[in-house]
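Student: the sequence and its predicted three-dimensional model are supplied below.
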Amino acid sequence: MLKFIMYLIFLIPLFLKNIWMFSIYFLFFFFFFFFFFFYNFFGLYINCSYNFFMDNISFMFCCLTIWICLLVLICSIDYYFYYLNSFYFFILIYFLMIFLFIDFIVYDFFMFYFFFECSLIPIFLIIFGWGYQPERLSAGFYLIFYTLFGSLPLLLIIFFLINMNGGFIFFINIFLKNYFLVFFIMISFLIKFPLFGFHLWLPKAHVEAPVSGSMILAGLMLKLGGYGLIRCLPFIYEFLFLYGYFLISLSLIGCLFSSLFCLIQSDLKMLIAYSSVCHMGLVICGTCTFTDFGVLGSLMMMISHGFVSSGLFYLVGLVYDRLGTRSFFILKGLLSLSPSLGLFWFFFCAMNMSCPPSLNLFSEICLMISILSWSTLSMMFFFFIFFFSACYSMMIFSFTQHGNFSTNLFFYKYFFVREFLVLYLHLIPVFGLMFNIGFFF
């Protein structure tokens, strides 16, 4: 695994010299080299060396990390031309990609914790430096304090278990009988998801962050909690058998409330952020059932949500850059201005409500099977959650694309081919993975 890390490290001089175009080309080469190198491997773990390893789950999240960060770099070329300090912006995104990539290939829990906290620093600086409103200061502090203070007990538990067992890694065969330790391990990951009740940092950070910050937050940072929780399942399964009903019940109620919150939002970014809370609640439910279908559905939901929510935030960013607003009360009639962009709005809204043939559909089927096998009473929640999910997805499309264009919006410029390329590269993995669903098995 060191060869991939060294490749990324030796690309840093290209960013330091501001040669951003060649940097993007070399990152594309790196992604395809990495993807085809590991695509057909068999077995559970490979390349275990120097605290690094790779398995199916790590491979998928590493591919998601490289792909989303590549799209963020491509869509942020405007910062290179029009904004001050664009050099620091590109450096922060690149270092964030390196931290996240290493985070998904380490097998030591302390290294996982360390690189997760390292990845918070660039996203914190991106929100602070390139956010939209002055409220970005409070949004950045929300992000830091929720995630940092939520994960501090995990650091103490890692040190305690290293002292007791000589190490705390993904492969270690230990069983945690102290439910206080298990509870704090789980809550540190659930805050990062975020679990309903600890979710207030997410909408605030999304609204105040720039487009690229929202894409990384929705596409990658939320997945770290799910990845860590999946890695912890061998240690905490008895706790889930005894008390998992509380987390599943809270997540189902949270999904229902988040769907209702989406229906009353007037800000597009806030609506998409609350839909992320709803989708991550389903992931928590699937993981806590501790079934094969639940974990598989959670994994596919995280991958598909990473592409779909990132694409939706990018669409909102495109409209906001042209028209200066994200409000439903002002945004009307975009279909008459740009029919091509309206097609992408339709695709992403359809995928957000899990229409076939998107990967979201299969992931929600797996999650529904696992949670209904846990309790058939959850069908009532699923009915309303999926119904409201379809309602707010159709609301996004119909409110923004139809109607009369507001006369208050006088400035408008057309869209570039590069922006359609970014949207297409968001779209094609979701459909491609659905047609090659054996990739997850």
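Tutor: Great, that's in hand.

Student: quick check: the closest residue to Leu2 other than its chain neighbours vs Leu252, distance?
Tutor: Leaving out its chain neighbours, the residue that sits closest to Leu2 by Cβ to Cβ, 6 or more residues apart in numbering is Tyr50, at 6.2 Å. Heads up, the C-betas are built off the backbone N, CA and C, glycines and all. Shown here: Tyr50 relative to Leu252, a distance of 42 Å by Cβ to Cβ, to the nearest Å.

Student: which one's more surrounded, these two?
Tutor: Neighbour tally, Tyr50 and Leu252, criterion other Cβ atoms under 10 Å: the higher count belongs to Leu252, 24 against 10.

Student: wait, isn't the more buried one in contact with Cys288?
Tutor: No - under the criterion of Cβ atoms under 8 Å, Leu252 lies out of contact with Cys288, with a separation of 10.6 Å.

Student: buried sites along stretch 23-32?
Tutor: Ser23, Phe26, Leu27, Phe30, Phe31 (16 or more other Cβ atoms under 10 Å).

Student: what is the burial count for the spatially closest residue to the fourth one that is not a sequence neighbour?
Tutor: Computed as Cβ to Cβ, 6+ apart, the closest residue to Phe30 that is not its neighbour in sequence is Tyr7, at 5.7 Å. A count of neighbours around Tyr7, defined by other Cβ under 10 Å, yields 15.

Student: same question for Pro234.
Tutor: The number of residues near Pro234, taken as other Cβ under 10 Å, comes to 14.

Student: what do you get for Ile91?
Tutor: The local packing of Ile91 (other Cβ under 10 Å) involves 17 other residues.

Student: count of neighbours near Phe387?
Tutor: 11.

Student: got the buried residues of stretch 23-32 as TSV, with secondary structure columns?
Tutor: As requested, those are arranged in TSV below (DSSP: H, G, I helix; E, B strand; the rest coil):
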residue	secondary structure
Ser23	helix
Phe26	helix
Leu27	helix
Phe30	helix
Phe31	helix
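
Student: my read is that the residue nearest to Leu2 contacts Ile5, right?
Tutor: No - with contact defined as Cβ under 8 Å, Tyr50 does not count as touching Ile5 (9.5 Å).

Student: now stretch 367-385 - C-alpha only, CSV.
Tutor: Included here for stretch 367-385 are C-alpha records, laid out as CSV according to Å, rounded to 0.1, in the frame of the first residue of the first chain:
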residue,chain,number,x,y,z
LEU,A,367,-32.1,-2.2,4.2
MET,A,368,-35.8,-2.8,4.2
ILE,A,369,-35.4,-6.6,4.2
SER,A,370,-32.9,-6.5,7.1
ILE,A,371,-35.0,-4.1,9.3
LEU,A,372,-38.3,-5.9,8.5
SER,A,373,-36.7,-9.2,9.6
TRP,A,374,-35.8,-7.4,12.8
SER,A,375,-39.4,-6.1,13.4
THR,A,376,-42.4,-6.1,11.0
LEU,A,377,-43.7,-3.0,12.9
SER,A,378,-41.1,-0.9,11.2
MET,A,379,-43.1,-1.2,8.0
MET,A,380,-45.3,1.7,9.2
PHE,A,381,-42.2,3.9,9.5
PHE,A,382,-40.9,2.8,6.1
PHE,A,383,-44.1,3.6,4.4
PHE,A,384,-44.0,7.2,5.6
ILE,A,385,-40.3,7.7,5.2
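
Student: longest single helix anywhere in this structure?
Tutor: Assignment by DSSP state H gives helix 222-263 as the longest helix of the chain.

Student: can you give me the offset of that helix from its chain's centre?
Tutor: 16 Å (Cα atoms, centre = their mean, to the nearest Å).

Student: report all helices and strands that that helix contacts.
Tutor: Judged by 3 or more Cβ pairs under 8 Å, 6 or more residues apart in numbering; DSSP states H and E, helix 222-263 is in contact with helix 56-75, helix 109-130, helix 179-192, helix 268-288, helix 292-323, helix 359-374, helix 378-401.

Student: which one of those lies closest to Leu148?
Tutor: Distances from Leu148 to each of those were compared using Cβ to Cβ; the minimum, 7.1 Å, belongs to helix 109-130.

Student: what angle do the helix or strand following that closest one and helix 109-130 make?
Tutor: As assigned by DSSP states H and E, the chain's next helix or strand after helix 109-130 is helix 136-165. Here helix 136-165 points in a direction 170 degrees away from that of helix 109-130 (axes from the mean of the first three to the mean of the last three Cα atoms, to 10 degrees).
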